[in-house]
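1. fold the following.
(one chain, ligands or ions: 2)
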Amino acid sequence: MTKQLQAVRGMNDVLPADIGAWQYLERELRTLLWEYGYEEVRVPVVEHTELFRRSIGEHTDIVEKEMYTFTDTGGDSLTLRPEATAGIARAVISNGLLRGARLKLWTSGPMFRHERPQQGRFRQFHQFSVEAIGFPGPDVDAELIALGARLWRRLGISRVRLMINSLGTSAARAQYRTALLDYCRAHEGELDADSRRRLTGNPLRILDSKNPALRALIDGAPLLSDHLDAESRAHFSALRAILDGLGIAYVVNPRLVRGLDYYSHTVFEWVTDALGAQDAVCSGGRYDGLLSQLGGEATPGIGFALGVERVVTLIGQAGSAPAALAPGVYVIASGVRAEALAPQVAEQLREALPRVGVHVNLGGGSFKTQFRRADRSGACLALILGDAELERGVVAVKPLRREAGQSECVLAELGALVRKMLEEESWTST
Ligand code: ATP
Ligand code: MG
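-> Numbering: from 1, shown residues only. Ligands and ions are numbered 1, 2, ... in the order given. Next up, the predicted model:
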C-alpha cells in the first residue's frame, strides 16, 4: 500500500466541524476593527530574514531558535513570518505611506515558529495583528486595550485578565539595563545558558525567560518601574487614568517585559487561566523605535497580536459561537425527467432567492435516502421533483422541521411559493 502522508508536526488542519468558531471570531473582529476605524492590509508570509533580525532582535527566542529560514534558489535568505508587525512596518515604509501619516491597520493570517508543539502552542498558528502608527499615545494605547475588552464581551469570554506595564523610554531602559546587569552578574552562576548569552546581548530578555529554575532569580531582580523617568511615568499614568475612566480593570505587572526587543512605554497582555500552561491570548505594546530602526522616519507605533487558536478554544469553552447556517432548501429528484431537470430548477431558485441556500441531492438514491440526506443537511424545506408530478406540470415543497403536508405549484411560481413557505417557517438567512 502507498504510505500515507502526514501533516508537518505542529501544523494543523481546521476541519468543517471546527470552522464555526474561527469564522465567528473573524466576523466579530472584522466588524469591531471597522467600528474602531482600523483598515485591513495584507502583507507577504515570506520576508527577507534581515527584517526579522533587525526588528524582533537577535537575542530573542524567535530569532535565536524559532524562525523557519531558508535560502531560495536565487540565494536570498528568506523567513516564514513569525509575527506580522515587522512586515507591516516594512510595508508602510517601502510603500511610502509613512511621511507623517496616521495609520490604523490590521492584518490576519498564519505565523510560523519552530517551537515544541503542545496544547495551545503550534508551529503554524494564526494571529490577528492590529497596529496604530503615527500616534504617540497614550490615547491610542487605551483605545487598543478597549477594543480588546469589547471583543471579549462580544465573544462571551469572561476568563481573561489584563496585565499592563511600562518599559519606559529608551533612555530609562538604558539606565535600568545597568542596574539589571549588575544584579545578573552578581548571580551569574544561577543563570542558564540562554540567559548568560543575553547578558551581553539584551539582559532585559532574561526577565521574559520561561525557565522555572530562574523564577526566584527573576523575582529578586531590580524593577524597571523604579527606573522610569518623568516622561515614562507621565505616559503610563495617563494611560491608567483613561483605563480607569473606561472602567477597564487591569493589573500592573512590573515583570511583564514581552518577548521582542522593539517595545517601549506601554506593554500589555490579556491572559487567561483557562488554557493550562499557555496563558497569553493577546499581547501588545508600543514600539516607538521600530520604524526608524527599519530605515523609516522616526514614527511612534503601537500594536497587539491576538492568538487565534487560543481564543477559538476559549470560544469553544464559552459555547458562544452560533450554530452553522443550514440551507433553506434541499432539492430531491426521482425519475429520469426529474433528475435531468433538478440542476436547472436549483439554479432558477438560486437566481430568484439569493442567500437562501439551495443544496441539490447529488448521485441519485431512493426517495428515502434522499429525504434522509435532506434532513441531515438541516434544510428548512425539501423541494421534491418527481416524474409523475412533472407530468401534471407541478413540483412539491415540504417543510422538514415539523410534521406538515406538502404544497404543490407550477414551476414558474416556485420562487414565490418557496419564499412564502420560508417566511411561514420563520426561516432567516444571513
Ligand atoms: P508565549 O508567551 O505564549 O510564547 P509570545 O509572547 O511568544 O507568547 P507573541 O509573540 O506576543 O507571543 O504573540 C501574540 C500571541 O500569539 C500570543 O499571546 C499567543 O496567543 C499567540 N501565540 C504565540 N505563539 C504561539 C504558538 N506557537 N502557537 C499558538 N499561538 C501562539
Ligand atoms: Mg513565545
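
2. near ligand 1, which residues of the stretch 201-350 of the chain?
-> Proximity of the stretch 201-350 of the chain to ligand 1, by Cβ under 6 Å from any ligand atom, involves residues Gly259, Gln278, Ala280, Val281, Cys282, Ser283, Ala305, Gly307, Glu309, Arg310. Yep, even glycine has a C-beta here, placed from its N, CA and C like the rest.

3. what does the stretch 1-150 of the chain give?
-> Glu83, Arg113, Glu115, Gly120, Arg121, Phe122, Phe125, Gln127.

4. and of the residues of the stretch 201-350 of the chain next to ligand 1, the nearest to ligand 1?
-> Gly307 (2.1 Å; Cβ to the nearest ligand atom).

5. dump the residue contacts of that closest one.
-> Shown in contact with Gly307 (Cβ atoms under 8 Å, 6 or more residues apart in numbering): Gly120, Phe125, His126, Gln127, Ala280, Val281, Cys282.

6. circling back to that earlier point, so which of the residues of the stretch 1-150 of the chain next to ligand 1 is the most crowded?
-> Of all these, Gln127 has the most neighbours under the rule other Cβ atoms under 10 Å, reaching 23 neighbours.

7. just give the nearest non-adjacent residue to Pro136, would you?
-> Pro300 (4.6 Å; Cβ to Cβ, 6 or more residues apart in numbering).

8. please verify my assumption that that neighbour contacts Pro138.
-> No: between Pro300 and Pro138 there is no contact under Cβ atoms under 8 Å: 10.8 Å.

9. farthest-apart pair in the residues of the stretch 1-150 of the chain next to ligand 1, please.
-> Spatially, the most separated pair among these is Glu83 and Gly120, at 16.6 Å (Cβ to Cβ).

10. make sure Leu214 is actually in contact with Ser195.
-> Yes: when contacts are counted by Cβ under 8 Å, Leu214 is listed as touching Ser195 (6.6 Å).

11. any buried residues in stretch 267-274, and which?
-> Residues Val267, Phe268, Glu269, Trp270, Val271, Thr272, Ala274 are the ones in stretch 267-274 that count as buried (16 or more other Cβ atoms under 10 Å).

12. least confident pick among those?
-> Across the buried residues of stretch 267-274, the smallest pLDDT goes to Ala274, namely 93.

13. all helices for the stretch 151-300 of the chain, in order.
-> 170-186, 193-200, 215-219, 230-246, 290-293 (DSSP state H, counting those that start in this stretch).

14. what's the first helix or strand after the shortest one?
-> Beyond helix 290-293 in the direction of the C-terminus, DSSP states H and E gives the next helix or strand as strand 301-307.

15. what strands line up against that following strand, and which way round?
-> Using DSSP bridges, strand 301-307 pairs in its sheet with strand 124-133 (antiparallel), strand 280-286 (antiparallel).

16. please identify the buried residues of that strand?
-> Buried positions in strand 301-307, judged by neighbour count with 16+ other Cβ under 10 Å: Gly301, Ile302, Gly303, Phe304, Ala305, Leu306, Gly307.

17. and the following helix or strand past that strand, what does it pack against?
-> The helix or strand immediately downstream of strand 301-307 is helix 308-318, counting by DSSP H and E. Helices and strands touching helix 308-318, by 3 or more Cβ pairs under 8 Å, 6 or more residues apart in numbering; DSSP states H and E, are helix 16-35, strand 124-133, helix 139-155, strand 280-286.

18. buried ones in the longest one?
-> By that I understand helix 16-35. Buried positions in helix 16-35, judged by neighbour count with 16+ other Cβ under 10 Å: Gly20, Ala21, Trp22, Tyr24, Leu25, Glu26, Glu28, Leu29, Leu32, Leu33.

19. which ones are touching the residue in the stretch 101-250 of the chain that ligand 1 sits nearest to?
-> The stretch 101-250 of the chain approaches ligand 1 most closely through Phe125 (3.4 Å), counting by Cβ to the nearest ligand atom. For Phe125, the contacting residues are Pro110, Met111, Arg113, Gly307, Val308, Glu309, by Cβ under 8 Å, 6+ apart.

20. how far away is it from Lys420?
-> Plainly put, Phe125 is 47 Å away from Lys420 if you go by Cβ to Cβ, to the nearest Å.

21. what about the closest residue to Tyr24 other than its chain neighbours, how many neighbours?
-> Leaving out its chain neighbours, the residue that sits closest to Tyr24 by Cβ to Cβ, 6+ apart is Ala321, at 4.2 Å. Ala321 has 21 neighbours, counted by other Cβ under 10 Å.

22. again with Pro354
-> 10.

23. local confidence estimate at it?
-> Here the pLDDT value assigned to Pro354 is 94.

24. element containing it?
-> Following DSSP H and E, there is no helix or strand that holds Pro354.

25. ok now do it, which residues does it touch?
-> Neighbours of Pro354 in contact, by Cβ under 8 Å, 6+ apart: none.

26. how close does it get to Glu347?
-> Distance from Pro354 to Glu347, by Cβ to Cβ: 12 Å.

27. sorry, back to before: mutual contacts of Leu214 and Ser195, please.
-> Counting by Cβ under 8 Å, 6+ apart, the contacts common to Leu214 and Ser195 are Ile206.

28. for the stretch 251-400 of the chain, just list every one of the strands.
-> With DSSP state E, counting those that start in this stretch as the criterion, the stretch 251-400 of the chain has strands at 251-252, 264-272, 280-286, 301-307, 329-334, 358-360, 381-386, 394-399.

29. so which of the ones you listed is nearest Gly75?
-> Nearest of those to Gly75, taken as Cβ to Cβ: strand 301-307 at 31.2 Å.

30. what mean pLDDT does that closest one get?
-> 98.

31. taking helix 139-155 as reference, get the angle to it.
-> 20 degrees (axes from the mean of the first three to the mean of the last three Cα atoms, to 10 degrees).

32. show me where the stretch 201-350 of the chain dips below the pLDDT cut-off.
-> Across the stretch 201-350 of the chain, the ranges flagged by pLDDT under 70 are 259-261.
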